[in-house]
Every structure is written in structure tokens, then in C-alpha cells.
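Undergrad: predicted model and sequence follow; I will ask about them next.
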Amino acid sequence: MIDLKQGQPIINQVYDSLYDIGKDCSKRIIMYSGGKNEFDKDVPVADTCVVESAVSNLEQYPLGMYMYKMDENTFNIEPPYAESLWSRDEKLPIDESPTREQFMAETFWIVYFASFNEGFYDPIKIFQNGFMDTNDWGHVIDIDCSFYGEIFLYWDQKGVRYVVKQETDNDEYLKMVLDYELSGLQERYGSDAVDFENMVGKLPRLHIKYSDKPFDWLYTATPRQITEFAKSMNEDAWALRWRIEERIDAIL
């Protein structure tokens with residue numbers, strides 16, 4: 001399979017080569033012409049670094065995966081300009097290659113979602129740690145103010161949910177926050193979407209249902225639709241983090 005795209009390559013070319021039109025092919029070649037494609041504007045997966053990083057990771061498996069750039073004027077074909085940055089010597093069996101679900105989960109969290117964390121996002125380094133198990137994979141936002149905690153973001157077939165965990169047990173910080181913020185959170189997400197777990201002998205947890213959108217939506221959504229959803233979720237999750245911190249600072 002040869003997939004040629006005008007402008008920057010896009011991660012969908014890799015997905016299609018593995019799980020769609022190229023799934024039965026022995027060689028999978030991702031090609032692009034370089035330059036800009038206005039259709040890809042502000043879509044984080046349309047990025048040479050992102051696709052090169054994904055392809056280099058997949059070269060560990062016997063998938064026949066290659067990537068080349070074609071000069072629009074001369075039609076010369078050559079490897080990506082920074083090929084040496086992504087070279088991999090380790091070889092792994094094909095049965096350890098990522099499943100479709102792993103590929104999409106990793107792409108969403110480390111590219112779509114993380115790209116809005118501008119100070120920490122580095123497309124050159126993504127995909128270099130393999131594809132994690134989606135059973136425990138999502139995103140973590142640290143809470144580090146008067147108490148330490150974490151907001152875990154998960155996405156499965158039941159939708160997107162947040163789990164806010166208090167990690168220090170010297171006071172009921174999370175409960176103090178909810179004494180003031182619970183009604184506002186119920187209004188924001190819906191009364192049935194917010195559940196506070198506060199059991200004796202266990203650190204408290206706050207469960208919030210952010211969206212009913214199933215994980216399978218990622219397989220049919222366009223890159224721009226996914227980008228917009230990731231941006232909305234990123235802004236919402238971080239707003240929740242700052243809301244918790246501001247409330248604690250106001251109480252203490």
C-alpha cells in the first residue's frame with residue numbers, strides 16, 4: 001500500500017495502513033509532499049514529527065512500514081529529513097504490535113489532548129514509549145496546592161469520566177471543596193453525573209461523567225472533530241483543577 005498525501009503527513013495514513021485499507025498488505029508506505037495544506041490547519045496529528053515518531057515506533061514490528069517524502073517539483077523520493085532521530089534497533093514480534101484501540105487511545109491522549117498543553121508538548125518525543133494498555137491509560141492532571149491530589153481522565157465505551165483523588169489523608173480537603181462547589185459542579189455536569197465517594201478508611205474520590213460519547217466515536221470522527229473535542233475537554237479538565245485549587249486557597 002502506498003498512501004501519498006499533499007502537505008504534511010497525517011496520523012490517519014498510519015491508521016489506515018494498519019487497520020483499514022492496508023490491513024492485509026505486506027508493505028505499507030506513507031508518503032507526503034511537504035509544504036502546507038490549509039485543510040490541516042490547527043490539526044495536531046497533521047505533523048511530520050508526529051507521524052515520523054509513530055512510524056519509527058512501528059518499525060520495531062515486522063509490519064513492512066516505511067515513510068518517504070516526495071519532492072513536488074522533481075518527484076524525487078527520499079526518507080524523512082530527520083530519520084536518524086527516530087532510529088530503532090529493537091525488534092518485537094508482530095503479535096505485540098498495537099491493537100486498533102491502543103493506537104487510537106495513544107494518539108488521542110498524547111497528541112490530540114496533550115497538544116493543548118503547549119509548555120510541555122513535544123511532538124518529537126511522542127510514541128517513543130510504545131503503546132500503553134488502554135485499561136489503565138488516559139491522562140493525569142496533578143493537583144498541588146494545600147493538598148496533593150490527581151485528576152484522572154478516562155475514556156471507554158461508556159464515555160469520558162474524571163476521577164478526582166485526594167492523595168493526602170491529614171485532612172478532608174476534597175470534602176471541604178465540595179461543601180462549596182458540589183451544587184455548581186452538578187449544575188455544570190448534571191446531578192447524576194457527579195458522585196462523591198467518601199468512605200471511612202479510604203481517601204475520598206470525586207467521580208464526574210464528562211461525556212456520554214463512546215470511545216468508538218474516534219474511529220469515524222474527522223481529525224478536526226477530534227481536535228475540537230480534545231480542546232474542549234482539555235479546557236474543562238484544567239478549569240476543574242483550577243476551581244479546586246482556588247476554592248481551597250479561599251478556605252484556608
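TA: Yep, that arrived.

Undergrad: bridged to Val163, which residues?
TA: Beta-bridge partners for Val163, by DSSP bridges, are Phe152, His207.

Undergrad: surely Asp212 touches Asp156?
TA: No: applying C-beta atoms under 8 Å, one finds Asp212 not in contact with Asp156, separated by 11.5 Å. From N, CA and C alone the C-beta is placed, and that goes for glycine too.

Undergrad: looking at the two, which is more packed in?
TA: Asp156 (15 against 9; other C-beta atoms under 10 Å).

Undergrad: correct me, but the more buried one touches Phe215?
TA: Yes: contact criterion C-beta under 8 Å: Asp156 and Phe215 qualify, at 5.4 Å.

Undergrad: who touches both of Asp212 and Asp156?
TA: Between them, Asp212 and Asp156 share no contacting residue under C-beta atoms under 8 Å, 6 or more residues apart in numbering.

Undergrad: okay, now Glu150: neighbour count?
TA: 15.

Undergrad: I meant Ile244, not that one.
TA: With other C-beta under 10 Å as criterion, Ile244 counts 23.

Undergrad: quick one: pLDDT of it?
TA: Model confidence at Ile244, given as pLDDT, is 91.

Undergrad: phi first, then psi, for it.
TA: When read as degrees, to the nearest 10, the backbone of Ile244 gives phi -60, psi -50.

Undergrad: OK, contacts around His103?
TA: One correction, residue 103 is Phe, not His. 14-15, 18-19, 131.

Undergrad: tally of neighbours for the residue nearest to Thr48 when sequence neighbours are not counted?
TA: Of all residues not flanking Thr48 in the chain, Gln8 sits nearest, at 5.4 Å (C-beta to C-beta, 6 or more residues apart in numbering). Here the count is done by other C-beta under 10 Å, and Gln8 has 20 residues near it.

Undergrad: can you report phi and psi for the residue nearest to Asp40 when sequence neighbours are not counted?
TA: Spatial nearest neighbour of Asp40, excluding adjacent residues (C-beta to C-beta, 6+ apart): Ala46 at 3.5 Å. When read as degrees, to the nearest 10, the backbone of Ala46 gives phi -90, psi 80.

Undergrad: Asp216 and Ile94, how far apart?
TA: Distance of Asp216 to Ile94, given as C-beta to C-beta, to the nearest Å: 25 Å.

Undergrad: neighbour-wise, which of the two wins?
TA: It is Asp216, of Asp216 and Ile94, that has more neighbours when counted by other C-beta under 10 Å, with 12 against 8.

Undergrad: hang on, isn't the more buried one packed against Gln157?
TA: Yes: the pair Asp216 / Gln157 is scored as a contact, 6.6 Å apart, by C-beta under 8 Å.

Undergrad: what's the helix or strand for Lys17?
TA: Lys isn't right for residue 17; it's Ser. In this structure, Ser17 sits in helix 11-19 according to DSSP states H and E.
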